[in-house]
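Visitor: Dropping the sequence and predicted coords here.
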Amino acid sequence: MTPLGKKIRQLRADKAVSQKKMASDLNISPAYLSALEHGHRGQPTWALVQKMISYFNLIWDDAEEIELLARGSRPKITLDTSGLSPEAVIMANQLGGNIRRLTPDHIAGITRILNKIPKK
């Protein structure tokens, strides 16, 4: 499940809205909404994210949270390591090969390191 999928499921539960009803209201298939919630679909379009925000009447910080979660909810990513150092390529491959075995503590530690990297 992606962070966006988890949040959408929580919002649906809070409002007592079924997947079928929400999908119908957003003019998408229930199968697509289910796949999106479970992380079997890629990042939704900006337009669909805006529809979800409107659907749940979210404003300000709550709307921004949905947008941020959508941007960070790509279940399948590709890393382009061309032109990087051999050490960077090895690190990327090690992460890819071990990601399913990382514990929550490992993930928290790696996330702390990545968050220290200055934004462009």
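Guide: Looks like it came in fine.

Visitor: Every contact and neighbour count from this point should use C-alpha atoms.
Guide: Will do.

Visitor: low-confidence ranges in this protein?
Guide: Screening the chain residue by residue with the criterion pLDDT under 70, one finds the ranges 75.

Visitor: quick one, what contacts the most centrally placed residue in the chain?
Guide: When the chain is reduced to its mean C-alpha position, the nearest residue by Cα atoms, centre = their mean turns out to be Ser73, at 1.4 Å. Counting by Cα atoms under 8 Å, 6 or more residues apart in numbering, Ser73 touches 2-4, 39, 42-43.

Visitor: Farthest out from the centre of this structure, which residue is that? Tell me.
Guide: Relative to the C-alpha centroid of the chain, counting by Cα atoms, centre = their mean, Pro86 is the outermost residue, at 29.1 Å.

Visitor: Please report how far that one lies from Val17.
Guide: Going from Pro86 to Val17 by Cα to Cα, to the nearest Å gives 50 Å.

Visitor: what's the answer for Ser82, then?
Guide: Relative to Val17, Ser82 is positioned 46 Å away (criterion: Cα to Cα).

Visitor: So for the two, which residue has more residues nearby?
Guide: Higher neighbour count among Ser82 and Val17: Val17, with 13 against 9, using other Cα atoms under 10 Å.

Visitor: Which residue ranges of the chain form helices?
Guide: For the chain, the helices defined by DSSP state H cover 3-15, 19-26, 30-38, 46-55, 60-71, 86-98, 104-115.
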